[in-house]
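Student: show me how the following folds:
(one chain, ligands or ions: 2)
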Amino acid sequence: MSAHLIRRLGTVKDVSSFKEYLAALNLDVPCDDEIVVGPESPLRQPLVRASLKIGNRIAVHPMEGWDGTTDGNPTENTFRRWQRFGRSGAKLIWGGEAVAVSRQGRANPNQLIAASHTCDGLARLRAVLVAEHRRITGSTDDLLIGLQLTHSGRFSRPDVYHRAQPRILYRHPLLDGRAKIPDDYHVLADGEIRSIIEDFHRAAAMAWNLGYQFVDIKHCHGYLGHEFLSAHTRSGIYGGSFDNRTRFLREVVEGIRALAPGLEIAVRLSVFDSVPYLRSQQGSGIPETFEHLIPYRWGFGVDPQTPTREDLTEPTLFLALLEKLNIRLVNLTAGSPYYNPHIQRPAMYPPSDGYQPPHDPLIDVARQLVTTRKLKQRFPNLIFVGSAYSYLQDFLPNLAQAVIREGWVDAVGIGRMVLTYPELLWDVTEGRPIQHKRICRTFSDCTTAPRNGLPSGCYPLDSYYKKSAFGKQLTTIKKRSLEIADRARDGNHD
Ligand SMILES: Cc1cc2nc3c(=O)[nH]c(=O)nc-3n(C[C@H](O)[C@H](O)[C@H](O)COP(=O)(O)O)c2cc1C
Ligand code: SF4
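Tutor: Ligands and ions are numbered 1, 2, ... in the order given. As a prediction, the model looks like this:
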């Protein structure tokens, strides 16, 4: 299906028309006609598991910033973003944003780092969020805040925006070429992995000392933790068998438990993946040729015979391992923003270096919802946070309420919508009308900006960014990339 056949959700007039549209796409996902207001709201029900107390079913996903100082401390823009996380009314703050465990592990030269010189900054971020949350909701004893700890692995870009410095676990037949990784490029040795594991231990202990209640050991989106899970072709103790590919997680957990016994450990997981996609001549996304690579051995949660399809056999084993390790908080996501963004964050409009959606993005939203439901049924004792809801736009509250009410997931995690309209779910459950002008329309500028070295933020709808000098720069960048795309379409390559 080409992009112009996809209906823009902003033009769907009401919930019943939206449900008809879902049915026309054969998508069997629940959606409530009315939003329940007040304490009876499914979205306002507390979630209590032993010592864990989460006051409602709204979660804020981590969203990496590109606005820290070059030494990894937060700036005023970072504080503003975290304050808005607090304003969302969400009682589960999943990580805030990816914080690198070392300078070398950063995905961009302005990413936050967990280190002794950033302690005060990370503590202040939490304090700002808590104060705003208290102002909005009146309580903080049922607020759970974690820090997402990451090493960017293959997508490390720690020092200079235009210079990738990949740290790879194995040679990837499709991704290596994209990053122009030469044949003799260094593959991380087991000893280097041990030292990264120690960085995770140190960072987690620091988060605990600063008052964060959990850390997420990031295993998603193509970064290092995720790459371990697909390291089938790596030799040695961190590759090959499932046991070896999950050794990184087990060793990280073991050290954290020794250093910070009271700290909860969580995992954000790309539960299925796909092959890398690229932009076709017409502009829409197509899978890169993979037929010569069957059985496909470079993915996690993919069918080796048809790697564009998921296979949940290993993800199920992985979730069983999490239970065994007494990890109770799991945030499910999919794919990677670098090579198959349409499955990770369904969008109507691609970022400037992306591709048009290969089919209706609602199909990708439903894919994440349905997969999460399947796994929730298999693992009722794990607390699952679901992803990819922002594309639902004005109908996000109706669908979010329904999936919680029907037990498809335990908490609804929100990403992009928080950048533009953090209070959406809190407001509707208070009985306030939706402010339609603030709804995220998935314009992807919050991705285009960082890809061009500018801070992340909602440029089209948040006047703070729109009116800034960065806003002007982004307009120029977008114009230029449209011209390039037009020339490519017309066949006038220069
Ligand atoms: C600007 C931006 C930064 C992101 N940074 C992170 C991150 O640091 N860690 C992470 O796990 N996911 C990150 N994501 C993915 C989101 O957490 C989320 O999974 C994705 O946007 C889909 O959810 P949504 O539809 O509500 O936006 C980021 C997304 C965006 C748009
Ligand atoms: S830039 Fe704003 S409207 Fe566009 S996807 Fe990001 S949050 Fe949504």
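Student: show me where the stretch 351-494 of the chain dips below the pLDDT cut-off.
Tutor: 482-494 (pLDDT under 70).
Student: what do you get if the cut-off is 80, keeping everything else the same?
Tutor: Residue ranges of the stretch 351-494 of the chain with pLDDT under 80: 478-494.
Student: show me what from this protein comes close to ligand 2.
Tutor: Counting by CB under 6 Å from any ligand atom, the chain comes close to ligand 2 at 416, 419-420, 440-446, 458-461. Where you see a C-beta, it was placed from the backbone N, CA and C, and this is true even at glycine.
Student: just checking, which of the residues you listed belong to helices?
Tutor: Judged by DSSP state H, those include 416, 419-420, 445-446 as members of helices.
Student: which one of these sits in the busiest neighbourhood?
Tutor: residue 445 (27 neighbours; other CB atoms under 10 Å).
Student: show the contacting residues for the closest residue to that one other than its chain neighbours.
Tutor: Spatial nearest neighbour of residue 445, chain neighbours left out: residue 459 (4.1 Å); criterion: CB to CB, 6 or more residues apart in numbering. Shown in contact with residue 459 (CB atoms under 8 Å, 6 or more residues apart in numbering): 443, 445-446, 449, 465-466, 470-471, 474.
Student: one more time with 10 Å
Tutor: By CB atoms under 10 Å, 6 or more residues apart in numbering, the contact list for residue 459 reads 419-420, 443, 445-446, 448-449, 465-468, 470-471, 473-475, 478.
Student: the ones in helices among the residues of the chain next to ligand 2: which ones sit near ligand 1?
Tutor: Near ligand 1, judged by CB under 6 Å from any ligand atom, the entries from these are 416, 446.
Student: just send the residues of the chain next to ligand 2 back as TSV, with distance to residue 147 too.
Tutor: As requested, these are exported to TSV (distance: CB to CB, whole Å):
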residue	distance to residue 147
416	21
419	19
420	24
440	24
441	30
442	27
443	29
444	26
445	26
446	21
458	23
459	26
460	29
461	27
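Student: out of these, which is nearest to residue 195?
Tutor: Lowest distance from residue 195 to the residues of the chain next to ligand 2 (CB to CB) belongs to residue 446, with 33.1 Å.
Student: what's the first-to-last distance across stretch 441-461?
Tutor: Using CA to CA, to the nearest Å, one end of stretch 441-461 lies 9 Å from the other.
Student: stretch 91-101 too?
Tutor: One end of stretch 91-101 to the other measures 25 Å (CA to CA).
Student: do stretch 373-383 as well
Tutor: Terminal residues of stretch 373-383 lie 12 Å apart, using CA to CA.
Student: what about it, distance to the chain center?
Tutor: Mean-position distance between stretch 373-383 and its chain equals 20 Å (CA atoms, centre = their mean, to the nearest Å).
Student: so what touches that stretch?
Tutor: Contacts to stretch 373-383, defined as CB under 10 Å, 6+ apart, come from residues 29-30, 47, 49, 52, 54, 59, 92, 144, 266-267, 269, 271, 312, 315-316, 319-320, 322-323, 327-332, 384, 386, 403, 406-411.
Student: sort out for me which of the residues you listed are in strands.
Tutor: 47, 49, 52, 54, 59, 92, 144, 266-267, 269, 329-332, 384, 386, 411 (DSSP state E).
Student: re earlier: and the ones in helices among the residues of the chain next to ligand 2, which is closest to residue 282?
Tutor: Nearest to residue 282 among these, counting by CB to CB, is residue 445 at 22.9 Å.
Student: residue contacts, that closest one?
Tutor: By CB under 10 Å, 6+ apart, residue 445 lies in contact with 349, 351-352, 419, 454, 456-462, 465-466, 471, 474-475, 477-478.
Student: ok, residue 63 next?
Tutor: Contacts of residue 63 were listed using CB under 10 Å, 6+ apart, and they are 81, 85, 94-98, 148, 414-416, 418-419, 446, 456-457.
Student: now do 6 Å
Tutor: With contacts taken as CB atoms under 6 Å, 6 or more residues apart in numbering, residue 63 has the following neighbours: 97, 415.
Student: for it, what are phi and psi?
Tutor: phi -140, psi 110 (degrees, to the nearest 10).
Student: buried ones among the ones in strands among the contacts of stretch 373-383?
Tutor: Buried by 16 or more other CB atoms under 10 Å: 47, 54, 59, 92, 144, 266-267, 269, 329-332, 384, 386, 411, out of the ones in strands among the contacts of stretch 373-383.
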